[in-house]
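Asker: Quick one: sequence plus predicted model below, questions after.
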Amino acid sequence: MSAIPPVRRTRKTALVSTVCAGLVLGITGLTGCSSEEDPDAGTNGIGKLSAAKIQSKSRAAADAAPAVRLSGTLVSKGHTYKLDMRLKGEGGTGSVTSKGETFQLLRVGKQLFLLADSAFWTHEEAKGGQKPGKTDGDAAAKLDGKYVKVPEADASYQQLSGFTDKDVLLEGMLTLHGKLATGERGTTSGNPTIKITGDKGAGGTLDVSLKGKPYPLRLQRAGDAGTLRLSDWGRDFPLSEPDKDEMVDYGEQLPDS
């Protein structure tokens, strides 16, 4: 049998390529034709999992991470806070803003410090609020720009220290409420993500990274209770108590009138 002339072989190859390229009805079983691009190619694979498993793996990754940066808004007990905190097992540091006032928090182990300007200390607020009571002008001036040690016995300690505690802040936050479902894919801070929702978003939404470990990257809390971004997972940061000339220690209770 004589060989097929080169020109006929070229035409046959071109015909097969044309047929493969022209299949638009989702037929993927034909030998020699490429299938649709896998949306999970190059990802960590959690996009193939159920919403419940994605939530579980995301929470496990967050718990295991040694550090995280948490920023955004948090609504709790009628108060709205704007946070920018860096957190790890030994403590945390960062800023909290509420009612137009910003103060810095620093916790190293059990030692908690609050840094604010004099205006912060002269504005009276109920004990249930985010700051201790009122301080007179002279005392407030001495506290301006100083780290004030918050004693564990003071009523403000538990609430303020909660802003610096990774486990406390993440506890319950990363659990969506209601029936879970997977949502669309997108990007958060440049990272590919998949969204999971509780009760179609009414129970909160969570954007989970599809790259590397399945860290939660954005949380919309249920009931319009705030939106938070979680970044710098595992990135360490320095944490040390202020020098003595930078701090004030009032003993068992913060200054109050």
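Answerer: Arrived safely, thanks for sending.
Asker: mind listing what's buried in the helix or strand where G92 lies?
Answerer: G92 belongs to strand 91-98 when assigned by DSSP states H and E. For strand 91-98, a neighbour-count test (16 or more other Cβ atoms under 10 Å) marks G91, G92, T93, G94, V96, S98 as buried. C-beta: built from backbone N, CA, C; applies to glycine.
Asker: For that strand, which helices and strands make contact with it?
Answerer: On a contact count with 3 or more Cβ pairs under 8 Å, 6 or more residues apart in numbering; DSSP states H and E, strand 91-98 meets strand 79-88, strand 101-108.
Asker: Nearest to K213, out of those strands?
Answerer: Proximity to K213, assessed across the helices and strands packed on strand 91-98 by Cβ to Cβ, is greatest for strand 79-88 (16.3 Å).
Asker: Now do the closest one: everything it contacts.
Answerer: With Cβ atoms under 8 Å, 6 or more residues apart in numbering as the contact definition, strand 79-88 has outside contacts at 66-75, 92-98, 105, 129-130, 163-166, 169, 226, 228, 232, 236-237, 239.
Asker: go again using 7 Å as the cut-off
Answerer: In this structure, residues lying in contact with strand 79-88 by Cβ atoms under 7 Å, 6 or more residues apart in numbering are 66-74, 92-98, 129-130, 163-164, 166, 169, 237.
Asker: still on that earlier bit, of the helices and strands packed on strand 91-98, which approaches F120 most closely?
Answerer: strand 101-108 (5.5 Å).
Asker: just checking, what packs against the closest one?
Answerer: Taking 3 or more Cβ pairs under 7 Å, 6 or more residues apart in numbering; DSSP states H and E as the contact definition, the neighbouring helices and strands of strand 101-108 are strand 91-98, strand 111-116.
Asker: quick one: contacts of it?
Answerer: With Cβ under 7 Å, 6+ apart, strand 101-108 has contacts from 90-96, 113-116, 120, 147, 160-161, 163-164, 239-241.
Asker: what about 6 Å?
Answerer: The contact list for strand 101-108 (Cβ atoms under 6 Å, 6 or more residues apart in numbering) reads 91-93, 95-96, 113-116, 120, 161, 163-164, 239, 241.
Asker: what's the farthest-apart pair in these?
Answerer: Greatest spatial distance in the contacts of strand 101-108: F120 and L239, 22.8 Å, computed using Cβ to Cβ.
Asker: what's the pLDDT at the nearest residue to A225 once chain neighbours are set aside?
Answerer: Using Cβ to Cβ, 6 or more residues apart in numbering and skipping residues adjacent in sequence, the residue nearest A225 is V75, 4.4 Å away. The score at V75 is 91. That number is its pLDDT.
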